[in-house]
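Peer 1: can you look at this prediction? I've put the sequence above it.
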Amino acid sequence: MGTVLGGKRQIKVLIVDDSALVRALLTRVLGEDPEILVVGAAPDAFVARERIKALRPDVLTLDVQMPRMDGLQFLRNLMRLRPMPVVMCSSLTERGADVTLAALELGAVDFVTKPHADVAHELEAYAAELIEKIKTAAGARVRPLIEPAGAATEPALLARGAGDQVIAVGASTGGTEAIRQLLSRLPAAAPAVLIAQHIPRAFSAQFAARMDACSAMSVREAEDEALIQPGCAYIAPGDRHLLIRRDGAHYRCRLDDGPPVNRHRPSVDLLFGSMAEQVGAAGIGVILTGMGADGARGLKQLHGRGGLTIAQDEASSVVWGMPGAAVALGAVDRVLPIEQIAASVLAARASTARRGASCGEAEPAREGGGATRVRELR
């Protein structure tokens, strides 16, 4: 990967943007980091195609809206023919959010929003975010584009009493696609799902709408004090923590404006921690692909209260930071490919109840098939 400078490999980046000003800004920002080498820039998809062949970059930054061929179409072609790490550059608008989420579905690793003011402290924060995401993308697992799986409708897998159970899901880098794969495999009568995905506020409502369109469940952006019901999934707003609280025989969403935790709001740690306190052994925690360690400690709390805990495996994760941290902490019962998590959650209802009754012993998942990769951690 990259070229060698002073014994260290640099990450080669190609910038694709129709704005000369943005190309110059990104070149300057990225050029300040010695581990990154900007090898070129392109004003549109056709020039970018030739420069990818000639310069062989490790990471691409890609504008969402470009002349001649838009960023989505170019990304679709790229991920079919020459998959590589891509970081999208998006605007904080409804249209920008929708297109960016579509780009993540097509295989982009992550996105940054375009800087909206030439203010020193804002530019400094933007540079730090961009550099971090370029470095993460350089080590990400990128796969050829495949058609999305359809929604699963397997009511036979559902256990009685789905209303007793709540599933909490946390994710970051690569998480929008992992969440789509999980939700698209859950039937309409699945237990309630609460989701904390690291995402900007301007994107979370659009993300919920896209997930609702691909899932048999009803998916919505969480509202404070909303009653949590089976068959519904609740996505944390992009600037608020999502917690759960018991209200008699029911549960409700609680939104919190407290400070970021692990640099994030919503924080996965806070969601899992509230699940541990309020739901206990009837809770299932699922930690998906993501950079960093947010969620590991909260999942450990849920594990200690008898809840079933599942981590996405390294092979199917874009970045195995958050799941890997949870595994290293001893917080995880099962490590599974993303394609198997929904079936494991649905099949685990009875064994999860027994697990709570026996103070923490989980039965292995009975998922059958020699090709099934299930790892039980004790």
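Peer 2: The structure has been received and is ready for your questions. Numbering: from 1, shown residues only.

Peer 1: domain map for the protein?
Peer 2: 4-138, 156-376 (automatic domain parsing).

Peer 1: just the helices in the stretch 201-350 of the chain please.
Peer 2: Assigned by DSSP state H, counting those that start in this stretch, the stretch 201-350 of the chain shows helices spanning 201-214, 268-278, 296-304, 322-328, 338-347, 349-357.

Peer 1: low-confidence ranges, the protein, go.
Peer 2: 1-8, 92-94, 115-121, 146-163, 349-378 (pLDDT under 70).

Peer 1: looking at it, which helix is longest?
Peer 2: helix 120-138 (DSSP state H).

Peer 1: ok, and the closest non-adjacent residue to residue 307?
Peer 2: Leaving aside its sequence neighbours, residue 307 sits nearest to residue 283 (CB to CB, 6 or more residues apart in numbering; 3.9 Å). No exception for glycine: its C-beta is placed from N, CA and C like everyone else's.

Peer 1: buried ones in stretch 229-237?
Peer 2: Residues of stretch 229-237 classed as buried by neighbour count (16 or more other CB atoms under 10 Å): 230, 231, 232, 233, 234, 235, 236, 237.

Peer 1: ok, the second one touching residue 189?
Peer 2: Yes. In this structure residue 231 lies within contact range of residue 189 using CB atoms under 8 Å: 5.4 Å.

Peer 1: ok, residue 11 touching residue 61?
Peer 2: No. Using CB under 8 Å, residue 11 is not in contact with residue 61; the gap is 11.6 Å.

Peer 1: quick check: neighbours shared by these two?
Peer 2: Both residue 11 and residue 61 are contacted by residue 134, under the criterion CB atoms under 8 Å, 6 or more residues apart in numbering.

Peer 1: okay, and the beta partners of the residue lying closest to residue 172 once chain neighbours are set aside?
Peer 2: Among residues not flanking residue 172 along the chain, residue 290 sits closest, at 2.8 Å (CB to CB, 6+ apart). Taking DSSP bridges as the rule, residue 290 bridges to residue 320.

Peer 1: pull the distance from the longest helix of the chain to the chain's centre.
Peer 2: Counting by CA atoms, centre = their mean, to the nearest Å, helix 120-138 is centred 18 Å from the centre of its parent chain.

Peer 1: give the buried residues for that helix.
Peer 2: Within helix 120-138, the residues that count as buried by 16+ other CB under 10 Å are 126, 127, 130, 131, 133, 134, 135, 136, 137, 138.

Peer 1: of these, closest to residue 111?
Peer 2: residue 133 (8.0 Å; CB to CB).

Peer 1: surely the closest one and residue 126 touch.
Peer 2: No. When contacts are counted by CB under 8 Å, residue 133 is not listed as touching residue 126 (10.8 Å).

Peer 1: what sits in contact with each of these two?
Peer 2: Common neighbours of residue 133 and residue 126, counting by CB under 8 Å, 6+ apart, are residue 112.

Peer 1: could you point out which element follows the helix or strand encompassing residue 49?
Peer 2: Using DSSP states H and E, residue 49 sits in helix 45-55. Toward the C-terminus, helix 45-55 is succeeded by strand 59-63 as the next helix or strand (DSSP H and E).

Peer 1: alpha carbons only: can I get that next one in CSV?
Peer 2: The C-alpha coordinates for strand 59-63 follow below in CSV (Å, rounded to 0.1, in the frame of the first residue of the first chain):
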residue,chain,number,x,y,z
VAL,A,59,-8.0,5.6,-1.4
LEU,A,60,-10.3,7.8,-3.4
THR,A,61,-12.2,10.9,-2.2
LEU,A,62,-15.3,11.3,-4.3
ASP,A,63,-17.7,14.2,-4.8
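
Peer 1: returning to that earlier point: and the longest helix of the chain, what other elements does it pack with?
Peer 2: strand 11-16, helix 20-31, strand 36-42, strand 59-63, strand 86-90, strand 110-113 (3 or more CB pairs under 8 Å, 6 or more residues apart in numbering; DSSP states H and E).

Peer 1: dump those to a markdown table, plus mean neighbour count.
Peer 2: Converted to a markdown table, the helices and strands packed on helix 120-138 look like this (neighbours: other CB atoms under 10 Å):
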| stretch | mean neighbour count |
| --- | --- |
| strand 11-16 | 25 |
| helix 20-31 | 16 |
| strand 36-42 | 20 |
| strand 59-63 | 26 |
| strand 86-90 | 25 |
| strand 110-113 | 23 |
